[in-house]
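Asker: Got a predicted structure plus its sequence, pasted below:
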Amino acid sequence: MKKRASCDLHTHSIYSDGSYSPAEIISEAKKLGLTVALTDHNTVLGLPEFMREAEKQGVTAVPGIELSTEYNGKELHLIGLFIEPEHYETVKKLTETFLVFKEKSNIEMVERLNRDGYDIDYSEVKKMTANGNTNRAHVASVLVKKGYVKTVKEAFDTLLNEKIGYYIPPKRVNFFEGIKFFKNINALSILAHPFLELNEQELREMLPKAIDMGLIGIETRHSSFSEADFVLSHRIAEEYGLLESGGSDFHGSVKPTVLLGVSGGEFSIPVEIYDKLLDKYNEIKLKI
């Protein structure tokens, strides 16, 4: 197989809040020469299609997930990479309870918006995802469609910001328990986009315990990162002996400015990032 020049280890499909099917992500990755991971929010339902299509098209693909977790009152996203098919059901059991809480949170959010005159129906929100598992991005997309905001980002920054009161976060998996869970199923745990939720001091305070629990790496490349973010996260990864990961956080038309395989403007993610993570995964497998 032809050597991939770059990779994208953070993408979303219609099974969470993206607009591309898993097969379409694979097709696009093939055009771009990418090694690609699917990391839908709190679900692995898109992985069978994703991996089948990758084999069919000859694309190197990584099965993954992005868990919403709780740490000190903050929502941290934890990516699990190299999730094996025999563990899909185990992952589903972990996320089932959270998805029930999230559904309740989303319904109540729409009800609050309705009371203040925002004319959206929860059935519209449900139709925007292949598996019915909704989140704020789906509500935001309906708000855009109805003309209440211009972009999904504007919705998150205004109406759907936690401080406004329409959105009340659901109960989530504990961050450290999430790391432990991934370790138990031989998946690599990666802290996603650390500087979206944490400052440098908070990150450094959290990392020793996270590493003790089994954290393998952090994203040093992300579409939201500045060059300064990359330099700082790269330095922290080196200091703490963590592997680097990275991805665009591709959502298709939901985030139209975020392109597959691109991190920080035109900054692509070297395939060596994937190679080192794969080596670590294989090392863990050999020890079983």
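Answerer: Right, received. Where do you want to start?
Asker: in the strand or helix carrying Lys92, what's buried?
Answerer: Element membership of Lys92 [criterion: DSSP states H and E] is helix 88-115. Judged by neighbour count using 16 or more other Cβ atoms under 10 Å, the buried positions of helix 88-115 are 88, 91, 94-95, 98-99, 102-103, 105-106, 109-110, 112-113. Backbone N, C-alpha and C define where each C-beta goes, glycine included.
Asker: Check the secondary structure at Leu78 for me.
Answerer: On the three-state scheme (DSSP: H, G, I helix; E, B strand; the rest coil), Leu78 is labelled strand.
Asker: Hmm, it is touching His193, no?
Answerer: No: the pair Leu78 / His193 is not scored as a contact, 11.0 Å apart, by Cβ atoms under 8 Å.
Asker: Would you check how far apart the residue nearest to Asn106 when sequence neighbours are not counted and Asn42 are?
Answerer: For Asn106, ignoring the flanking residues on the chain, the nearest one in space by Cβ to Cβ, 6 or more residues apart in numbering is Thr134 at 5.1 Å. Per Cβ to Cβ, to the nearest Å, Thr134 is found 11 Å from Asn42.
Asker: can you pull the contacts of the most centrally placed residue in the chain?
Answerer: Residue closest to the mean C-alpha point of the chain, counted by Cα atoms, centre = their mean, is Glu66 at 3.9 Å. Contacts for Glu66 (Cβ atoms under 8 Å, 6 or more residues apart in numbering) come out as 10, 12, 16, 39-42, 77-80, 192.
Asker: repeat for Ser141
Answerer: Ser141 neighbours (Cβ under 8 Å, 6+ apart): 128, 152, 254.
Asker: do the same with Ala23
Answerer: When contacts are counted by Cβ under 8 Å, 6+ apart, Ala23 touches 49-50, 53.
Asker: can you check Ala210 too?
Answerer: 175-176, 179, 191.
Asker: Go ahead and measure how far the helix holding Lys92 is from the middle of the chain.
Answerer: 17 Å (Cα atoms, centre = their mean, to the nearest Å).
Asker: Same check on stretch 130-145?
Answerer: The answer for stretch 130-145 is 16 Å, by Cα atoms, centre = their mean.
Asker: can you pull the buried residues of it?
Answerer: 130, 133-144.
Asker: Pull the most distant pair out of the contacts of Ala210.
Answerer: Largest separation among the contacts of Ala210 by Cβ to Cβ: Phe176 and Leu191, giving 11.6 Å.
Asker: Mind checking which of the two has more residues around it?
Answerer: Leu191 (28 against 19; other Cβ atoms under 10 Å).
Asker: Give me the pLDDT for the more buried one.
Answerer: Model confidence at Leu191, given as pLDDT, is 98.
Asker: Could you tell me how far it is located from Leu242?
Answerer: For Leu191, the distance to Leu242 - Cβ to Cβ - is 8 Å.
Asker: So for the two, which residues contact both of them?
Answerer: 215, 217-218.
Asker: Take the residues you listed and keep only those in strands.
Answerer: 217-218 (DSSP state E).
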